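J.: sequence plus the predicted model coming up.
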Amino acid sequence: MTKPTMLDYINETKAILLDMLNKRNETYNEFADVYTANVGKYKNIYLIGSGTSFNSCITAQPFLEKILNKHVVIINSYNFAHYEELVTSNDLVIAITQEGESTNTIAALNRANNLNCDNFVITEDRDNSCSKVAQHKIVLACGLEHIGPKTKGYSASILTFYLIALEAAKTAKVITAEAYSNYISRIERVVDNLDNIIEETKSWFDLNKEDLEKCDHGYILGYGINKGTIIEGALKSLETVREYFQPFELEEFLHGPIASMHDNTYTIIIAPRTYGYERARKLYESLDSQNAHSYLVSGRQETNADHVLNGSFISDEDFNPLEYCIPLQLFAYLLYTSQGKDLEVRNYPDTKEALTTKAKDVQ
Ligand SMILES: N[C@@H]1[C@@H](O)[C@H](O)[C@@H](COP(=O)(O)O)O[C@@H]1O
């Protein structure tokens, strides 16, 4: 059997997310019950992970804070395990690890246990190292993903966070049944549209193929709730194209990094029509008039410039990261394949032995 590609996994995303939505009550009821029983005790919620899993924490944080009305701290597994000073037994720890073998996440969960923090791990449906350490498990219901650069797992991770927050808020009566249903319908609408985004992204890449294929470094820019989207998007290209891609929040980019742009620097701006859009569009227009490799990914535009991905994005104010991650995942896939990069060849293979990051190899 041939190994699935990143594209196969991206194509599976819509069906997987719809299935997760359908099974949400049974999948997340334990979390909702534990949360409801302790809602008065929990002061802060810690979201912890490494790599793509950590990026899903960055993306999910604003929605969890909004729905659960608690301070949500995002911190990577290593820092939680060894440097976090303020966590107490009144905090809830939620670790996320797709394959469940990341050594830093195991260490973070051990620390949560030692500190007597209630803790959950979101992870694949198999008996892995992290699920042996955590008090409770939430299944990351996307099936296995037999490839290093994760795509469907990232989408499933952010949806898991949205859904555990909504199930917990409904059970704890932090939100009304009506508000809950409204949030679910809005997620369904975004997920239902994902296949259109895939097709539109492919057309955009094709249209600009001659220029995009030459891309060997670039900046991925965004704002608001897409802070995690751009970090994850840059990571996808770093892992696959294996050239230099750097994410910046757009306003921070203007405060210095823009000085490092050259004629051959590419930019992709992720620009949903939410707060921040006007400045993003202005930045695109300004860069486009001075540099030949500037691109904008946004909802329907007045402009029909080839470099603008005029997608049929729903641009939901809370859930648009589910759709805006797709163009960056596809960009990485289409670019590395068009450049003929081989993901089976590991760069600097000796570091894997020198610095272990996984308790077990699961690929
Ligand atoms: N290259 C992979 C990343 O793609 C992955 O995100 C990270 C965390 O893995 P996990 O989510 O299983 O903890 O591990 C590896 O380093």
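T.: Yep, that arrived.
J.: residue numbers of the stretch 51-200 of the chain in contact with the ligand?
T.: The interface of the stretch 51-200 of the chain toward the ligand, taken as CB under 6 Å from any ligand atom, is made up of 51-53, 97-99, 102, 105, 148-150. (C-beta placed from N, C-alpha, C; glycine too.)
J.: should've said the stretch 251-363 of the chain
T.: Taking CB under 6 Å from any ligand atom as the criterion, the contact residues of the stretch 251-363 of the chain with the ligand come out as residue 357.
J.: now with 8 Å, please.
T.: The stretch 251-363 of the chain has residues 357-358 near the ligand, with proximity defined as CB under 8 Å from any ligand atom.
J.: for the ligand, give me its nearest residue in the stretch 251-363 of the chain.
T.: Distances between the stretch 251-363 of the chain and the ligand by CB to the nearest ligand atom are smallest at residue 357, namely 5.8 Å.
J.: now do the contacts for that residue.
T.: With contacts taken as CB atoms under 8 Å, 6 or more residues apart in numbering, residue 357 has the following neighbours: 50, 102-104.
J.: related to what we said a few turns ago, format the residues of the stretch 51-200 of the chain next to the ligand as a markdown table; extra columns: pLDDT.
T.: What follows is those, written out as a markdown table (pLDDT from 0 to 100):
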| residue | pLDDT |
| --- | --- |
| 51 | 97 |
| 52 | 97 |
| 53 | 98 |
| 97 | 98 |
| 98 | 98 |
| 99 | 97 |
| 102 | 98 |
| 105 | 98 |
| 148 | 91 |
| 149 | 95 |
| 150 | 96 |
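J.: show the buried residues in these.
T.: Buried residues within these, counting neighbours by 16 or more other CB atoms under 10 Å: 51-53, 97-99, 102, 105, 149-150.
J.: quick check: chain neighbours aside, which residue is closest to the residue nearest the centre of the chain?
T.: Centre of the chain computed as the mean C-alpha position; nearest residue by CA atoms, centre = their mean is residue 56, 3.8 Å away. Here the nearest residue to residue 56 in space, its sequence neighbours aside, is residue 157; by CB to CB, 6 or more residues apart in numbering that works out to 3.6 Å.
J.: pLDDT score for that neighbour?
T.: For residue 157, the pLDDT comes out at 98.
J.: what do you get for residue 132?
T.: Per-residue confidence at residue 132 stands at 97 (pLDDT).
J.: likewise residue 350?
T.: For residue 350, the model assigns a pLDDT of 87.
J.: just confirm residue 296 is within a helix.
T.: No. The secondary structure assignment for residue 296 gives strand rather than a helix, going by DSSP: H, G, I helix; E, B strand; the rest coil.
J.: in which helix or strand does residue 220 reside?
T.: In this structure, residue 220 sits in strand 217-222 according to DSSP states H and E.
J.: with only the CA atoms kept, save the helix or strand that that strand is followed by in CSV.
T.: Toward the C-terminus, strand 217-222 is succeeded by helix 227-240 as the next helix or strand (DSSP H and E). Once non-C-alpha atoms are left out, helix 227-240 reads as follows in CSV (Å, rounded to 0.1, in the frame of the first residue of the first chain):
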residue,chain,number,x,y,z
LYS,A,227,-1.5,34.2,15.2
GLY,A,228,-1.3,30.4,15.5
THR,A,229,-2.3,30.0,11.8
ILE,A,230,0.8,31.8,10.6
ILE,A,231,3.2,30.1,13.0
GLU,A,232,1.8,26.7,11.9
GLY,A,233,1.7,27.8,8.3
ALA,A,234,5.4,28.8,8.4
LEU,A,235,6.2,25.5,10.2
LYS,A,236,4.6,23.5,7.4
SER,A,237,6.9,25.1,4.8
LEU,A,238,9.9,24.9,7.1
GLU,A,239,9.3,21.1,7.5
THR,A,240,8.7,20.4,3.8
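J.: can helix 227-240 be found next to the ligand?
T.: Yes. Using CB under 8 Å from any ligand atom, we find that helix 227-240 touches the ligand at 235, 239.
J.: quick one: that helix to chain centroid distance?
T.: Shown here is helix 227-240, whose average C-alpha point lies 9 Å from the average C-alpha point of the whole chain (CA atoms, centre = their mean, to the nearest Å).
J.: which helices and strands sit right next to that helix?
T.: Packed against helix 227-240 by the contact rule (3 or more CB pairs under 8 Å, 6 or more residues apart in numbering; DSSP states H and E) you find helix 51-68, strand 217-222, strand 244-249, strand 266-271, helix 321-338.
J.: check the secondary structure at the nearest residue in space to residue 261 that is not next to it in sequence for me.
T.: Beyond its immediate neighbours in the sequence, the residue positioned closest to residue 261 (CB to CB, 6+ apart) is residue 291, lying 6.8 Å away. The three-state label for residue 291, taken from three-state DSSP, comes out as coil.
J.: distance check, residue 291 against residue 277.
T.: When CB to CB, to the nearest Å is the yardstick, residue 291 and residue 277 sit 21 Å from each other.
J.: contacting residues around the residue of the chain found nearest the ligand?
T.: The ligand sits closest to residue 51 of the chain, with a gap of 2.7 Å, by CB to the nearest ligand atom. Residue 51 makes contact with 102, 150, 235, according to CB under 8 Å, 6+ apart.
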